[in-house]
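Student: Any chance you can model this:
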Amino acid sequence: MKSIPGKRLATTLCIALIAGSLVSCSKKQAAAPQRPPPEVSVLTVGTESVPLITELPGRINPMREAQVRARATGILLKRQFDEGANVKEGDVLFLIDSAPLEASLNSYKAAMVKTEAMLKESRARVNRYKELVGINAVSKQVYDEAVATLGQNEAELEANKAAIETAQLNLGYAKVTAPISGRIGKAIVTEGALVSATEATQLAVIRQLDPIYFDFTQPSSEVLRLRRAMEAGSIQSVAPGEAKVTLILEDGTKYKHPGKLLFSDIAVDPTTAMITLRAQFPNPENHLMAGMFARAQLIEGIKTNAVTIPQRTLGRGAAGSSTVLVVNDENKVELRNIEVDRAIGNKVLVSKGLKPGERILVEGSQKAPPGSIVKPMPFEPASTNAVPQTKGK
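Tutor: Numbers count the residues shown, from 1 in each chain. I've put the predicted structure just below:
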């Protein structure tokens with residue numbers, strides 16, 4: 001029984017020691033320093049002038065296109081060109097059998113010789129009757145008939161001359177020549193076929209491909225929008241020397257020769273609400289072919305004081321909206337919805353939601369969710385090269 005107080009004393013001492021250690025631990029924890037805010041890279045939003053480039057689809061068309069047709073009737077004897085080759089204006093392309101045409105020409109020449117002889121005789125008769133009618137040796141009626149015959153022979157001579165000229169032209173048409181210089185396609189008619197001048201039988205097609213046209217269309221609403229922006233001063237028009245057209249081919253490659261805009265149509269197509277535009281490109285290597293599909297990048301203007309940010313800073317919110325993380329003046333991260341107009345290489349053009357001077361988070365978003373306090377550090381990009389923007393239609 002005497003040992004019980006000793007046990008109680010030992011138990012009390014143990015409890016006191018444990019309580020003391022707990023108090024000591026709590027004091028140490030209270031004295032521990034708080035975690036510093038995470039460092040993040042931020043970019044101060046600025047403005048710049050950017051070119052506005054619209055990308056529009058269209059097709060390649062030859063500068064000139066001529067259908068080679070028969071102007072004489074006969075059998076096609078020979079083709080004088082290589083299909084797909086370049087030809088010059090005046091080159092002989094086809095030979096048509098000229099024997100019937102030569103015979104017709106000779107017939108008209110013979111008729112003309114006969115008419116000339118009759119004309120000579122009638123003129124001499126008129127000269128004789130003119131003297132005889134004065135002394136009443138020949139009646140006035142006979143003289144008048146001789147004069148009329150002379151007039152008929154003179155008219156017939158002129159008709160023969162016209163017939164000979166026509167026959168000579170038809171004989172010349174037996175040699176079918178190139179109406180323009182360019183590249184000729186395949187022969188539509190082969191040797192031995194009968195071609196007709198009355199039906200204007202088509203023999204081949206020649207297309208002038210250097211330089212070459214590119215025809216494309218643009219919505220009239222887009223033209224109005226750009227004009228209003230220029231009038232408001234938010235977009236400056238491009239100088240004429242800088243308004244070039246770049247062609248993007250079907251395989252996605254860029255055509256190496258720049259083009260120039262020739263005209264914009266003065267009327268809107270009522271069925272499509274589109275305006276037709278035409279550009280001209282050099283084609284010395286004949287890489288561009290008629291009917292080829294391509295896309296034109298057209299510089300329409302320059303937007304001043306444009307707010308641009310790197311594409312890497314964009315996020316996606318509800319319903320696919322664009323978002324960025326903004327670091328406010330209190331170094332607190334905010335989630336901001338913005339509106340993006342178009343891409344500009346590795347940047348985007350912001351139309352609404354950001355102002356110059358605000359800071360956006362570029363790196364460190366994993367450790368800085370919205371609402372957290374951060375330590376902003378200036379972002380140092382590896383490269384500042386920018387690529388002109390493209391807006392597809």
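
Student: what's Arg123 in contact with, if anything?
Tutor: Leu150, Asn153 (C-beta atoms under 8 Å, 6 or more residues apart in numbering). Backbone N, C-alpha and C define where each C-beta goes, glycine included.

Student: what comes up buried for the host helix or strand of it?
Tutor: Assigned by DSSP states H and E, Arg123 belongs to helix 99-134. Using 16 or more other C-beta atoms under 10 Å as the test for burial, helix 99-134 gives 100-101, 104-105, 108, 111-112, 115, 118-119, 122, 125-126, 129, 133.

Student: What ranges does the protein have for its helices?
Tutor: According to DSSP state H, the chain carries its helices in the segments 3-31, 99-134, 140-172, 220-232.

Student: just to revisit the earlier point, just the angle for the helix holding Arg123 relative to helix 140-172, thanks.
Tutor: Counting by axes from the mean of the first three to the mean of the last three C-alpha atoms, to 10 degrees, helix 99-134 lies at 160 degrees to helix 140-172.

Student: next one: helix 99-134 to chain centre, how far?
Tutor: A distance of 65 Å separates the C-alpha centroid of helix 99-134 from that of its chain, computed with C-alpha atoms, centre = their mean, to the nearest Å.

Student: hmm, back to that, for Phe293, which of the helices of the chain is the nearest?
Tutor: Within those, the stretch nearest Phe293 is helix 220-232; the backing value is 20.6 Å (C-beta to C-beta).

Student: For that closest one, give the mean pLDDT please.
Tutor: Average pLDDT, helix 220-232: 73.

Student: okay, the helices of the chain in TSV with distance to Lys256 next?
Tutor: What follows is the helices of the chain, written out as TSV (distance: least, C-beta to C-beta, whole Å):
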stretch	distance to Lys256
helix 3-31	71
helix 99-134	50
helix 140-172	44
helix 220-232	28
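
Student: between those helices, which gets the lowest average pLDDT?
Tutor: Looking at these, the bottom one is helix 3-31 with a mean of 52.

Student: Tell me, please, where in the stretch 151-300 of the chain the pLDDT is lower than the cut-off.
Tutor: 226, 229-230, 232-243 (pLDDT under 70).

Student: the strands in it, which residues?
Tutor: All strands of the stretch 151-300 of the chain, identified by DSSP state E, counting those that start in this stretch, fall at 175-177, 182-184, 194-195, 202-219, 235-236, 244-248, 259-264, 274-281, 293-310.

Student: Among these, show me which one is buried the most.
Tutor: Highest mean neighbour count of the strands of the stretch 151-300 of the chain: strand 182-184, a mean of 21 (counted as mean count of other C-beta atoms under 10 Å).

Student: Let's check: the centremost residue of this structure is which one?
Tutor: Per C-alpha atoms, centre = their mean, the C-alpha nearest to the average position across the chain is that of Ala296, at 3.9 Å.
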